[in-house]
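# Quick check, what structure comes out for this input:
(2 chains)
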Amino acid sequence: MLRPYVPSGPRDSDTSRLVRVLKLELKGITKRFGSLVANDHIDVVVEPGQIHCLLGENGAGKSTLMNVLYGLYEPTEGEILVDGKPVTFRGPGDAMAAGIGMVHQHFMLIPVFTVAENVALGAETTKAGGFLNLDDTRRKIKEISDRYGFDVDPDALIEDLPVGVQQRVEIIKALVRDAKVLILDEPTAVLTPQDTEELLDIMRQLKSHGTSIVFISHKLREVKAVSDTITVIRRGKVVGTASPSSSTTELASMMVGRAVNLTLDKAPANPQERTFQVKDLTVIAPSGQHVVDNISFDIARGEILAIAGVQGNGQTELTEAILGLQDRVHGSILLDDEELVGRSVKDVLNAGVGFVPEDRSLDGLIGTFSIAENLILDRYDQAPFASGISMNPAKVLENAKTRIDEFDVRTPSGSLAAGTLSGGNQQKVVMARELSRPLRLFIASQPTRGVDVGSIEFLHKRIVAERDHGTPVMIVSTELDEVMELADRIAVLYKGKLVGIVPAGTGRDVLGLMMAGLSPESAHADTATKNQATTPADGRATAARPVQESTSGAAGANAVGENND
Amino acid sequence: MQPSAVPATAQSGSLPGGPDESESLLRRIFTGNGIVTILAVLLALILGGLLIAMTDKVVASTAGYLFARPGDFFAAVWSAATSSYVALFQGAIFNPRGTGVAGQFAPLMETLTIATPLITAGLGVALAFRAGLFNIGAQGQIIMAGILASWVGFALHLPIGLHLLLVLVAGVIGGAVWGGIVGVLKARTGAHEVIVTIMFNYIALYFLRYLLDTKLFQRPGETTPISPILDPSAVYPLLFGSQYRLHLGFLLAIAATVFVSWLLNRSTIGFEFRAVGANPKAALTAGINVPRATVLVMTIAGGLAGLAGVAQVAGTEKVLTDGVAATYGFDAITVALLGRSSPWGTFAAGLLFGAFRAGAVQMQIQTGTPIDIVLVVQSLIVLFIAAPPLVRAIFGLNPRKKQAATAGKTKQAVTTGGAA
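Below is the predicted model:
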């Protein structure tokens, strides 16, 4: 039921300079899927020229609501009003025509097309003879790019652009289609801290030009920084509105429905002997690229090392190499002086490595399997779950009961399919499985991605408990907040290389620059000059003290690499 | 590494009710909804009935004066369809006009006999599918089993009991090796099992034709491609005496179903198969040896299809011809599909298809309805199972329909709102 977008002629683009404000109202929107109520009589009013934030945990119903607004779902009840008039969207085409644009969390761009081609896609105009006419689109892109300082070249290929710029292309796509209300669905999930700041600036600019923005997020800091109004959604219902001046604790409590302790109570680390060592590790992708490039580090028992970095900088390959999932691995991975390189996944797991993969639905769980089966996914052939090749379903269920209680997995029964659980509960299942045996190394990749705030607290405590139990712990996270919260030391990866290892307490801005590839020294220097020029907005001081220690650590690691080359 | 946009598939914390994108079409077809399966069979029978009526002479003649006396026409349609299906039933399950109880139940025995290879070969396809492999190669596996089993049956002369056991073992090994090679190719080189099994079907068929032209296999004094008759010690004993063809193979088919059911649901091997089939990446991450599981499942699947080959040469045919596998290997795919890849579902589907085949002959004799109509019904079943939304729409089970209807009322042009 997609109505093709009718390209607007030059007349429209002229009038678009005049700010046409649009008031958007969602009245009593209810969306049911069978017995499940995803949205329960939700009322939201997006005033013209405002940044309206929808705050809620994963699975609270924010995305469903936006899909209703964008014409992807039809509401079971309720209506959408545009400037006071009821409208029905039968597809995104209708929504676009009404002036609503959406930037999805995962970009809808074709990598091998140019910016202009992507923007024109779906609304192409032709010259005489049926040839594609991109001149008009190019001109519009330039116009928008100049107006907001996007700095986007219409003829650049999408695949050559950094993520942050790709996101701007998505925004341009919506603006070219005359969007007066822009929906941004978890836009900062894929960005570096610097890119995030820039995006927030862009949002403010768009607002000043009269574009309303619906900003979907669960990151409190960003929400507070940019919103005019905050609507908090919990379990499909609006639980209230808040002003951006509310404290993070207040907002979090509204979001979760109970008091949340946002700061982790964590005793100082008590590092013991360094039992896990990675030396000169290189992982070569099938393309021949060195996706992990000569990395060396070690982790002590009773210590958490966090690997920070923007997604796609070699973190996945690093963890996979440790687990034995990568084929072309050079260098050495030692656990209690035992070499792990070249061993099968089963051997590595049996050696006492607990592994929480970054994408639980892809690597961590089998959605169609029961929770009980998922809880023994890597021990199905060991006692007491099996004798010989015969499995013991009673023991499997018994184990499930214990783990479900211990990890507070919210489910009526262990025999339900794991795919029916919420993200947080799925993660608890994976974590319960991996932490239910004696470990000599614990690796958790994105341990709280897509997990509700309430569960994050629980999962973080578990990870720290494992550390205090004397296990070397390695955390891989693209969420800087999480890294800063959990880590005893922070290693930053950029393009497969180790930028450096810095101690916990290193400032957010320094880490951000390191994530963009700057060495710790120049990152510190850079932030120092910035701080001289402009007084920092908040009291988050850059960590000046640990610089020496951290740089020497990083240099040491690099030196080892060079010696063996 | 260039940080790039996360692919849309990377996170499937799918919206409730939304289609799960990771679910492949094939998976949906093979493990679809039970009600849809039953409705698909029903729908296929109804359409088949209409087809029967279209080819019926009486219907054709009444159609000539349809507008004068429409009653005649519809009565003729009804009687043509029902009489054919009654004949089908009588030929497949129970014939009230049979001589004595034995004669009356003869059709059922025939159904079970024909169902035997369908069930075991169907299990082979179903098991492989549960491990995520699409085994099109049951036909070739049946042929290879038939070759080995029949050779042991007519060339070796061994004592009773041992001889049959060897025939059985030889056949199962023949199928298992033929399937196992595909598994090895897939595990080692990544060669797609669909392509390889299809090719292996041809190789097996032409190998069989070649063998039947050699001294080793051709019956002495014959010019037609047919092997010597198997020794009496090498054939399956009949279950209910010589009046029926039903043989020990049927009991083995039941045993095979029990075995596959246990294997899949209660053994570590089945756990691996199911894990690999449902999510190979998670299986790999959990330390399951995926290549080994691939080889193993194809070997066992081949062995099950091999059991069908043994049922053919040692059960019903007692010789080897180039038609040893008939179309059992291909029908097995449909059987597994209809049985939604569950062992007992496959068993039931095998019985249904056995009944179709057994009854078709009687149907043609009694009513003149061509046997091919059964093939059409079978094909329609597949078609409908492959299109659940169609079946649901026809029977009004579509949950979205109601919504669309109510939404349609309030449908007022968006353009008015947009232009404001």
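# give me phi/psi at residue A:267?
Dihedral angles of residue A:267 (phi, psi; degrees, to the nearest 10) stand at phi -70, psi 150.
# what's around it, how many residues?
8 (other C-beta atoms under 10 Å in any protein chain shown). Quick note: C-beta positions are derived from backbone N, CA and C, even for glycine.
# Verify the stated contact: it with residue A:461.
No: if you go by C-beta atoms under 8 Å, residue A:267 and residue A:461 don't touch, sitting 11.7 Å apart.
# what's near enough to touch the closest residue to chain B within the stretch 301-450 of chain A?
Closest residue of the stretch 301-450 of chain A to chain B, C-beta to the nearest C-beta: residue A:346 (3.6 Å). The neighbourhood of residue A:346, defined by C-beta atoms under 8 Å, 6 or more residues apart in numbering or on different chains, consists of A:378, B:287, B:288, B:289.
# Next one, pLDDT for residue B:173 please.
pLDDT, residue B:173: 98.
# what's the spacing between it and chain A?
According to C-beta to the nearest C-beta, to the nearest Å, residue B:173 and chain A sit 20 Å apart.
# now residue B:134
18 Å.
# Give me the nearest residue to that residue, chain neighbours excluded.
Closest residue in space to residue B:134, ignoring its immediate chain neighbours: residue B:194 at 5.2 Å, by C-beta to C-beta, 6 or more residues apart in numbering or on different chains.
# burial count for that neighbour?
With other C-beta under 10 Å as criterion, residue B:194 counts 14.
# sec struct for it, please.
Here residue B:194 is recorded as helix under DSSP: H, G, I helix; E, B strand; the rest coil.
# next one: the one 10 residues further on
Secondary structure state of residue B:204, per three-state DSSP, is helix.
# Could I have the PyMOL command that selects the buried members from the contacts of residue A:346?
This is how PyMOL selects the buried members of the contacts of residue A:346, with burial counted by 16 or more other C-beta atoms under 10 Å in any protein chain shown:
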select buried, (chain A and resi 378) or (chain B and resi 287+288+289)
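# Now render the contacts of residue A:346 as TSV, adding secondary structure, pLDDT and distance to residue A:524.
Below are the contacts of residue A:346 laid out as TSV (DSSP: H, G, I helix; E, B strand; the rest coil; pLDDT from 0 to 100; distance: C-beta to C-beta, whole Å):
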residue	secondary structure	pLDDT	distance to residue A:524
A:378	coil	91	42
B:287	coil	94	42
B:288	coil	95	46
B:289	coil	95	48
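# Distance to residue A:130 added to the contacts of residue A:346, as TSV?
Listed next are those as TSV, based on distance: C-beta to C-beta, whole Å:
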residue	distance to residue A:130
A:378	58
B:287	56
B:288	53
B:289	55
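# Compute the number of surrounding residues for whatever residue of the stretch 51-200 of chain B ends up closest to chain A.
For the stretch 51-200 of chain B and chain A, the shortest gap (C-beta to the nearest C-beta) falls at residue B:130, measuring 10.9 Å. Burial measure for residue B:130: 25 neighbouring residues, criterion other C-beta under 10 Å.
# Please report the distance of the closest residue to it other than its chain neighbours from residue B:132.
Distances taken as C-beta to C-beta, 6+ apart place residue B:277 nearest to residue B:130, at 5.0 Å, with adjacent residues excluded. Distance, residue B:277 to residue B:132, by C-beta to C-beta, to the nearest Å: 4 Å.
# Look up how far residue A:420 lies from the residue of the stretch 151-300 of chain B found nearest chain A.
Scanning the stretch 151-300 of chain B for the residue nearest chain A gives residue B:287, at 3.6 Å (criterion: C-beta to the nearest C-beta). Residue B:287 sits 25 Å away from residue A:420, going by C-beta to C-beta.
# Name the SS class of the residue nearest the centre of chain A, please.
With distances taken as C-alpha atoms, centre = their mean, residue A:189 lies nearest the centre of chain A, 3.8 Å away. Of the three states, residue A:189 takes coil according to three-state DSSP.
# go on, residue A:28?
Applying three-state DSSP: residue A:28 is strand.
# Report the spatially closest residue to it, excluding sequence-adjacent ones.
Nearest to residue A:28 is residue A:78, by C-beta to C-beta, 6+ apart, at 3.9 Å.
# Send over stretch A:40-50 as CSV, restricted to the C-alpha atoms.
Provided in CSV are the C-alpha atoms of stretch A:40-50 (Å, rounded to 0.1, in the frame of the first residue of the first chain):
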residue,chain,number,x,y,z
ASP,A,40,-2.0,1.3,25.5
HIS,A,41,-3.9,4.6,24.9
ILE,A,42,-0.9,6.7,24.3
ASP,A,43,-1.4,10.4,24.0
VAL,A,44,1.5,12.5,22.8
VAL,A,45,1.5,16.0,21.4
VAL,A,46,4.5,17.2,19.5
GLU,A,47,4.4,21.0,19.5
PRO,A,48,5.7,22.7,16.4
GLY,A,49,9.4,23.4,16.5
GLN,A,50,10.1,21.4,19.6
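# returning to what we had before: how about the residue of the stretch 151-300 of chain B closest to chain A, what does it touch?
By C-beta under 8 Å, 6+ apart, the contact list for residue B:287 reads A:344, A:345, A:346, A:348, A:349, A:350, A:378.
# ditto for residue A:51
A:203, A:204, A:207, A:212, A:213, A:215, A:226, A:227, A:228, A:229.
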